[in-house]
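> Below are the sequence and a predicted model for it; my questions follow.
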Amino acid sequence: MAVFDTPEEAFGALRPVCVQLTKTQTVENVEHLQAQLQAVSDSALQELQQYILFPLRFTLKTPGPKRERLIQSVVECLTFVLSSTCVKEQVLLQELFSEISACLYSPKSQKPAAVSEELKLAVIQGLSTLMHSAYGDILLAFYEPSILPRLGFAVSLLLDLAEQEKSKQIKIAALKCLQVLLFQCDCQDHPRSLDELEQKQLGDLFASFLPGISMALARVITGDFKQGHGIIVSSLKTFYKTVSFIMADEQLERISKVQPKPAVEHRVAELMVHREAKWVKNTSDKLTILIKKIIECVSGHPHWKVRLALIELVEALLLKCSQSLVGSAGPLLKALVGLVNDESPEVQAQCSKVLRHFADQKVVVGNRAFADILSENLHSLATSLPRLMSSQDDQGKFSTLSLLLGYLKLLGPRVNFVLNSVTHLQRLSKALIQVLELDVTDIKVVEERCWNSGPLGASETAATQPRSPMQRRYFRFFTDERLFLLLQQVCQLLGFYGDVYLLIDHFMELYRESVVYRKQAAMILNELVAGAAGLEVENLHENHIKTSTEELREIVTSILEEYTSQENWYLTTCIESEEVGEELTMKQSGLQAITSGAHTCQVTSFPAFSKPSPTICSMNSNIWQICIQLEGIGRFAYALGKDFRLLLMTALYPVLEKAGDQTLLISQAATSAMMDICHTCGYYSLQHLINQNSDYLVNGISLNLRHLSLHPHTPKVLEVMLWNSDASLLPLVADVVQDVLATLDQFYDKRAASFVGVLHALLAALEEQSDPPKVDESDTGPDVEPPLPVQIQIATDVMERCIHMLSDKNLKIRLKVLDVLNLCVVVLQSHKNQLLPLAHRAWPPLVHRLTNDDPLVVLRAFKVLRTLGGKCGDFLRSRFCKDILPKLAGSLVTQAPVSARAGPVYSHTLAFKLQLAVLQGLGPLCERLDLGDSDLNKVADACLIYLSAKQPMKLQEAARRVFLHLMKVDPDSTWFLLNELYCPEQLTPPHPSLHPVQLRGTMGQGNPYAANVLCLLQELQ
């Protein structure tokens, strides 16, 4: 179809269609006109606008009933014309406005006419397009007092549609059209920016509709959730844009006290509103009720976009109507701060942005009324906090604490007005203490122990990592981990904005007051210090001055003194007679040494540990208290940064003490604290930290060893130092080692266990050290022996003590002593003059451990025997053959039928581990000690049975290894022995004169030894 660019061309094409429509009003004629309009350019349409509109308007004005479909097509055609042209005459705008609105007029009722949804939608879009097509000045002239009745009809029509309609599309279209009518739409070009006078003129006009608009929208917003989030979001936007425009402080300031007489008829003048103080007060009171209802309903709405719109509402009303809606400030601020920790990141980000904007604009702090409202809200929240924390569920607690956090963020430094009230501070602290109460009934806390000595479980790179993760803890009154994070943030903000001295003193009093409050108070103190240092705190108030480093160091020093004092640091964390209990359990298990032949294991219940008792709870409580205090030391290190180095002399020693604690949680917490110290003080590893501070640590150990009854944990510090340091520490500790040995001799009965740990760490360090330094022989005479190197002298002294302690009645000590003895032999291997006499003295108690002790000890003693065999060789041969070999061989023979019959679970028993250890060790011992034929036969006879396929796989492998070693010592007799067991082939004599040799080993598939013997014979060939 050709396009008509000029008005003349267009007129020629459109005239017959317009005449036809004027004569006969039908849907077909309207559609014919609209089809013709598609081919006309916008400029030509603008010229012919009124001519084209005439037949359409004539159709709407014709009296009598009309078909809905006709009205709809006329309105749609009108909308098309208006979307392509501009309305330049005020009269035309007013008339079109009335004519389009009247399409939904129902003379019988106040509500919109009962017409089709399509017609309703067409009318709404027609009105919206009409208002957008009006020229700026014409549009403003339209909003004069005389238009009030017609505008009021359109507004009520749209509100009814938004409220009553079922169609979401119509509801949202009606709300958007309402925004257009009220000059609040989001279009870029419409409306143009208004000056003050124009704003006041529109505000006066729209004020008449405020009650109706606000109440209808409030009903929509607080209606059924099922209507969809889009409608609620649109209603919220319309509500806050309208209210913030009509109630804007800027406009209300310029309203005169006396109402000017409007030049309109009396009926219209009655509809006008004068926005003077009394009207503002009454309207504000009524709006406050609606706003409270809206907030109540919307703040917990499941859809995040609705909550986001609520933030926009709060921002608009508080920024533009802070004076006029002062009564709503409380609920509005409460709604805003309640969304600070919303689950939606978009809502959270917008909330933080608005809070920051408020802080920048000093909306709260600069507004006395708002600050007072917030302070009052915080007062009342602090008052009810203990009750809320004990009565609400986790979600309720989360909302309440989010609210508290938001108030603190908004008030900033003004929070001190609340904290300076003794009653409110007590209430706030009581609630925090109450909600942070830990659940200490879990027996696992006490049960989890560090059995293995060794370097602390921290990697070398960990010192360069950020802050150590916190240990998982369980609380009595909540399970949601988000609550603990919220509580941390609350405490940090209190420390950041509050009077830190006042808060620290208050919570230190609570810490000292009762053991019930101590753990919670320590957690709060840790976070207060972190907050005061500004760690992880978002500062919304730029002029706030942080606590100085000197003040912070004083505070930390005082807390450290309290934490590490005798009564708060050395708490009972395990049953004193623990070792006796363990000994008892071992004895009751029914396992004896391998030589006794008893291999049944009865599991006995131990009543003391069958259910958590008050003693368990108190020990758990103590463990958690120490962990929290250790965690605090790590936090303090972060708070002070490099300045924490000044406190290392007081802090490092107690932390090292706890790093060696046998309770796993405490040891882990101490290690984490040390990693935090490394990270903040510039040490690249734990070893570096210990080496750099070893001088005063060693000095402290030396002094405390002299008063061991007052400082019983001293050996632990030295043990941890030795495990986590290198050879550079040894010269420093050489003198302390002599003190340790002297103290061990003095307190052997009471302190043996802790000292054996130190000796173990010491020998492990000596073993790692490279070859001892060579002594210059020119310094000594020909007949004078050169002095022994320091480490050899230490190892000699330690081995002497071990010989005495091998027969200790405590199982743990015997096991540890055997470990130390093993290391002594390794360190002394190059000094036979020292090693052999000591080995001679150690032999009788070692034999006793091997032949008549707990299976665990036998295992450990056999390891020592292997090391001795490897390092002392011939020196042990006759002793081994006489004292030990017969019993080892006998036990292997006795135990073989048991293992052959056993199922898969047998491999987890001590009996199996003993068999395996003996089989694995016998081969190397036979080879190293170069045993004679008779002794080798004893070994071979005892091990042959383990080549059977009926034995567990691991025992078969170990037995094969024994024979591989025997082949090296005596291949011929080993070959003969194996063939006697299973002969894989008939041996033919090399010459007829020789008799054939018959070996007893059976041939065929049924022989259980076949596979292992074949494998060994192949190795031999």
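Perfect, thanks for sending it. Computed from a predicted structure; not experimentally measured.
> so where is the stretch 101-250 of the chain shaky, pLDDT-wise?
Within the stretch 101-250 of the chain, the segments meeting pLDDT under 70 span 106-111, 188-192.
> Now do Asp749 against Leu483, distance only.
Using C-beta to C-beta, to the nearest Å, Asp749 is found at 50 Å from Leu483. Using the backbone N, CA and C atoms, a C-beta is placed for each residue, glycine as well.
> Those two - which one has more neighbours?
Leu483 (22 against 6; other C-beta atoms under 10 Å).
> Could I have the CA atoms of the helix or strand containing the more buried one written out in PDB?
Assigned by DSSP states H and E, Leu483 belongs to helix 481-497. This file holds the C-alpha atoms of helix 481-497, laid out as PDB (Å, rounded to 0.1, in the frame of the first residue of the first chain):
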ATOM      1  CA  GLU A 481      24.400 -20.300  62.200                       C
ATOM      2  CA  ARG A 482      23.300 -17.000  60.700                       C
ATOM      3  CA  LEU A 483      22.300 -15.900  64.200                       C
ATOM      4  CA  PHE A 484      25.800 -16.300  65.500                       C
ATOM      5  CA  LEU A 485      27.100 -14.100  62.600                       C
ATOM      6  CA  LEU A 486      24.500 -11.500  63.400                       C
ATOM      7  CA  LEU A 487      25.400 -11.500  67.100                       C
ATOM      8  CA  GLN A 488      29.100 -11.100  66.200                       C
ATOM      9  CA  GLN A 489      28.200  -8.100  64.000                       C
ATOM     10  CA  VAL A 490      26.100  -6.600  66.800                       C
ATOM     11  CA  CYS A 491      29.000  -6.900  69.200                       C
ATOM     12  CA  GLN A 492      31.500  -5.500  66.700                       C
ATOM     13  CA  LEU A 493      29.300  -2.400  66.000                       C
ATOM     14  CA  LEU A 494      28.900  -1.900  69.800                       C
ATOM     15  CA  GLY A 495      32.700  -1.900  70.100                       C
ATOM     16  CA  PHE A 496      33.100   0.400  67.100                       C
ATOM     17  CA  TYR A 497      30.500   3.100  67.900                       C
END
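> so where do the helices sit in the stretch 401-550 of the chain?
Assigned by DSSP state H, counting those that start in this stretch, the helices in the stretch 401-550 of the chain fall at 416-419, 422-435, 444-447, 481-497, 500-513, 515-532, 549-563.
> Deepest-packed of these, please.
With neighbours taken as mean count of other C-beta atoms under 10 Å, the helices of the stretch 401-550 of the chain reach their highest mean count in helix 515-532, at a mean of 24.
> Return the alpha-carbon coordinates of that helix using CSV.
Extracted in CSV, the C-alpha atoms of helix 515-532 (Å, rounded to 0.1, in the frame of the first residue of the first chain):
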residue,chain,number,x,y,z
VAL,A,515,31.1,-19.1,85.7
VAL,A,516,27.7,-19.3,84.0
TYR,A,517,28.4,-16.0,82.1
ARG,A,518,32.1,-16.4,81.5
LYS,A,519,32.1,-18.1,78.0
GLN,A,520,29.5,-15.7,76.6
ALA,A,521,31.2,-12.7,78.1
ALA,A,522,34.5,-13.8,76.6
MET,A,523,32.9,-14.2,73.2
ILE,A,524,31.5,-10.7,73.4
LEU,A,525,34.8,-9.2,74.7
ASN,A,526,36.6,-10.8,71.7
GLU,A,527,34.1,-9.2,69.2
LEU,A,528,34.1,-5.8,71.0
VAL,A,529,37.9,-5.6,70.6
ALA,A,530,37.6,-6.6,66.9
GLY,A,531,34.9,-3.9,66.5
ALA,A,532,36.9,-1.2,68.3
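> Give me the distance between that helix and the centre of its chain.
Taking C-alpha atoms, centre = their mean, to the nearest Å, one finds the center of helix 515-532 at 19 Å from the center of the full chain.
> Mind checking the pLDDT average for it?
For helix 515-532, the mean per-residue pLDDT is 94.
> Show me what it is packed against.
Using 3 or more C-beta pairs under 8 Å, 6 or more residues apart in numbering; DSSP states H and E, the elements in contact with helix 515-532 are helix 422-435, helix 481-497, helix 500-513, helix 549-563, helix 614-640.
> Verify the stated contact: Leu401 with Leu483.
Yes. Here Leu401 reaches Leu483: they are 6.6 Å apart, a contact under C-beta atoms under 8 Å.
> any weak-confidence spans in the stretch 501-650 of the chain?
Applying pLDDT under 70 to the stretch 501-650 of the chain flags residues 540, 542, 576-614.
> now do 80
536, 538-545, 575-615 (pLDDT under 80).
> hang on, the earlier thing: compile the helices and strands packed on helix 515-532 into JSON lines and extend it with columns for distance to Ile373.
Below are those laid out as JSON lines (distance: least, C-beta to C-beta, whole Å):
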{"stretch": "helix 422-435", "distance to Ile373": "16"}
{"stretch": "helix 481-497", "distance to Ile373": "18"}
{"stretch": "helix 500-513", "distance to Ile373": "24"}
{"stretch": "helix 549-563", "distance to Ile373": "32"}
{"stretch": "helix 614-640", "distance to Ile373": "33"}
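> Compare the helices of the stretch 401-550 of the chain and give me the one nearest Asn693.
helix 549-563 (15.9 Å; C-beta to C-beta).
> Which elements pack onto the following helix or strand past that closest one?
Where DSSP H and E defines the elements, the next helix or strand beyond helix 549-563 is helix 566-569. Where contact means 3+ C-beta pairs under 8 Å, 6+ apart, helix 566-569 is packed against helix 614-640.
> Can you name the element that comes right after the helix it packs on?
Per DSSP H and E, the helix or strand that comes after helix 614-640 is helix 648-659.
> quick one, what contacts Ala764?
Applying C-beta atoms under 8 Å, 6 or more residues apart in numbering to Ala764 gives the contacts Leu722, Trp723, Leu823.
> And it, which helix or strand is it part of?
helix 748-768.
> try Thr867
Going by DSSP H and E, Thr867 is part of helix 855-872.
> And for Gln72?
In this structure, Gln72 sits in helix 68-84 according to DSSP H and E.
> Buried residues in that helix, which are they?
Of all the residues in helix 68-84, those buried under the rule 16 or more other C-beta atoms under 10 Å are 70-82, 84.
> Who are the packing partners of that helix?
On a contact count with 3+ C-beta pairs under 8 Å, 6+ apart, helix 68-84 meets helix 27-37, helix 42-47, helix 49-61, helix 90-102, helix 117-133.
> can we see that at 7 Å?
Contacts defined by 3 or more C-beta pairs under 7 Å, 6 or more residues apart in numbering; DSSP states H and E place helix 68-84 against helix 27-37, helix 42-47, helix 49-61, helix 117-133.
> which of the ones you listed is buried the deepest?
When the helices and strands packed on helix 68-84 are scored by mean count of other C-beta under 10 Å, the highest mean neighbour count falls to helix 117-133 (a mean of 22).
> That one packs against which elements?
Applying 3+ C-beta pairs under 7 Å, 6+ apart, one finds that helix 117-133 makes contact with helix 68-84, helix 90-102, helix 168-181.
> Can you lay out the ones you listed as JSON lines showing distance to Arg635?
Output for the helices and strands packed on helix 117-133, formatted as JSON lines (distance: least, C-beta to C-beta, whole Å):
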{"stretch": "helix 68-84", "distance to Arg635": "65"}
{"stretch": "helix 90-102", "distance to Arg635": "68"}
{"stretch": "helix 168-181", "distance to Arg635": "52"}
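> For Arg960, find the nearest of the ones you listed.
Nearest of the helices and strands packed on helix 117-133 to Arg960, taken as C-beta to C-beta: helix 168-181 at 81.4 Å.
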